[in-house]
Structures are given as C-alpha cells and as structure tokens.
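Asks: A predicted structure for the sequence below; I have some questions about it.
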Amino acid sequence: MHLLFATIALRPYVFVFLAAFLGISTINFGLRTTLLFALLTYGVAWVCETSSVHNGFPFGLYHYLPTTRGREIWVGDVPFFDSLSFTFLGFASYTVALLLAAPVLGERGDLRLLETRAIRRSWRVTLLAALLMVMVDWVVDPLSVRGERWFLGKIFWYDPPGPHFGVPIANYLGWFFVALITIRIFQWLDFYLGRTTGKPSGIIPTLFWRALLGPFLYVGIVGFGITMLFRIGAAEIAWAAVFIYLPALVLAVHFLTRADLRASAAEVRRHFEDFPYDAPLDPLADGPSGRIGRPDV
C-alpha cells in the first residue's frame, strides 16, 4: 500500500487523467464496460511494453531505468503507471472519433450525440480513434524522452534514439497497433455488455454536455503535453504539435458551433431504438423534418 500511495504522489497527473476517464466512461458507457476495459487494456499494454523492452516489438527497443524501483510500483520490468496510461488515452481518442462519426443535435445549449450501436462498433471509428491516439503520442513521447527536464524524471531511453525528436518511427507504428487492439476491446465490451433495454449501471443520460466530456479529456491531455513542452524549453516540438492540432481544432469548433446543427428524424429514431433509456429530446427541437422529439419506441 505504501508503494501505491508513493506512485500516486510521484505521478499525480496520471491518476488525475485516470480518475477523469473512470468517471466519464462510467457516465457514458456504464461501470462494467469501464472497469473491464481498464483491466484488459492495461494487460494488453503491459504485455506489449514487456515485449518491447526485451525484443523491440511493437514499440521498438527501449529500456526503463531502475531509478524509481522502491519508490513506485513496477510490474516486472515496466513501471505500473506507464501501461496504465493507455486506458485513458485510448478511451479519450475513441470518444473524439465517435463525436466526429455520429449524428449530433444542438438542443437548447446542449449537444446530443445520436449514435447507434453500429456506429459505436464500426471500423471507421476504430481506425480514426487509433490515429487520434497516435497523434497524442506525437506530443507525449517527445516530452517523455526529456523527462529529466520536468517532474517525470529520466525513466527510459530508446535504443537507438529515433528521427522524430528522439523517438523512433517504430514506436508510432506500435502505438497504432496497440490502439487498434484496445479500442476494439472497448467496442466489443460496449456492444456485448450493453445489449439490454435497461440502463447500464452508472450511466447518467440527463447529464448536460456528457457527449463532450471524453473529447474534453483528450484536449486536456494534449494541452498538458504541449504546455509542458513549452515549459521545459522544447519550443520547436511544442510548435510542431500546435501546427498539427490547430487545423483539427478549428474544424471541430466550426462543426460544433454552426447554427444548423441538427439531426434528422430518422437518425433520432435509430438512436432511441438502440438506446431507449437515453434522456428524451426537447419536443420543440426543430429538425429537417419538423419537430423531432423522442419517438415512441
């Protein structure tokens, strides 16, 4: 237990993001899906990291320095917090992909996501989420290899260093591979554990702006990484990340604030067929076919 508390004290930012993931995922997808996803994703990430530190697959060869053994939890040759990070990174990326792929409805200052089960488990969402997760790593890994310049500390090194600010390209290919696996796990759990007309435990359908909580987590993680890059004097890496994300941010703001943000009556009907426990829509919300309040299902 003393190592657990020491790990939290040493890596508080990881556990803040983890707590946010647990709360947001439970509110939107249910408690069982959230906990099982966290456990399975941690297991997949740990196996892949253990493989990489011994034989270089899938992230490329790197080595953890044993400087924090006895100060935080290690599982084998990998620090506990490192594999744990894949849970909230994968989840946040998935929620952004879902927001971009599903119909949305602006309703009296709220934003409603009108996805279906088919959209939630589609390969289009999987591939987009995996790419979004790799984009996070374009910020996180160059920052991590400079850990001695901030409170992370020097904890690992690539053997040899790579061309992207010290990070090998194999690392990003490995992240895409692991992202595909873990995000498909989430989609599988969400589909098979949610096949019921009853509301899964933990979901809060009436929570205001709940569809944007996961994307806010994604923005928070990326913002933290870019801010830390500026703070440690790695401005060239920080600006590279800004220019990667700036077009996507502008398009997202435009998409979410346009005046005609409406879903069709058919899209509303399909959503409530799959999620009958969701909060009713405002019966005065006007769509392309007139009033599109919740249909009888």
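Replies: Received it, and whenever you're ready, just let me know what you need.

Asks: phi first, then psi, for E107.
Replies: Per-residue torsions, E107: phi -140, psi 100 (degrees, to the nearest 10).

Asks: which residues does it form a beta bridge with?
Replies: D110 (DSSP bridges).

Asks: from G214, how far off is T34?
Replies: 12 Å (Cβ to Cβ, to the nearest Å). Where C-beta positions appear, they are placed from N, C-alpha and C, glycine not excepted.

Asks: same check on F156?
Replies: In terms of Cβ to Cβ, F156 sits 28 Å off from G214.

Asks: same thing with F224?
Replies: Applying Cβ to Cβ to F224 and G214 gives a distance of 16 Å.

Asks: neighbour-wise, which of these two wins?
Replies: Set F224 next to G214 and count neighbours by other Cβ atoms under 10 Å: G214 wins out with 27 against 16.

Asks: would you confirm that the more buried one contacts A92?
Replies: Yes: using Cβ atoms under 8 Å, G214 makes contact with A92 at a distance of 5.7 Å.

Asks: contacting residues for the residue nearest the centre of the chain?
Replies: When Cα atoms, centre = their mean is applied to the chain, the residue found nearest the centroid is A92 (1.8 Å). Applying Cβ atoms under 8 Å, 6 or more residues apart in numbering, we find A92 in contact with 21, 136, 214-215, 217-218, 221.

Asks: go with 10 Å
Replies: Residues counted as contacts of A92 (Cβ atoms under 10 Å, 6 or more residues apart in numbering) are 17, 20-21, 24-25, 129, 132-133, 136, 213-222.

Asks: now, those residues that are in helices?
Replies: Assignment to helices by DSSP state H places the following of the contacts of A92 there: 17, 20-21, 24-25, 129, 132-133, 136, 213-222.

Asks: could you pick out the buried ones from these?
Replies: 17, 20-21, 24-25, 129, 132-133, 136, 213-215, 217-219, 221-222 (16 or more other Cβ atoms under 10 Å).

Asks: how about the strands of the stretch 1-150 of the chain, start to end?
Replies: With DSSP state E, counting those that start in this stretch as the definition, the stretch 1-150 of the chain shows strands at residue ranges 62-64, 74-75, 78-79, 104-107, 110-113.

Asks: keeping just the C-alphas, turn the fourth one into PDB.
Replies: The C-alpha coordinates for strand 104-107 follow below in PDB (Å, rounded to 0.1, in the frame of the first residue of the first chain):
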ATOM      1  CA  VAL A 104     -25.300  15.300 -33.400                       C
ATOM      2  CA  LEU A 105     -28.100  17.600 -32.300                       C
ATOM      3  CA  GLY A 106     -27.800  21.000 -30.800                       C
ATOM      4  CA  GLU A 107     -30.600  21.400 -28.300                       C
END
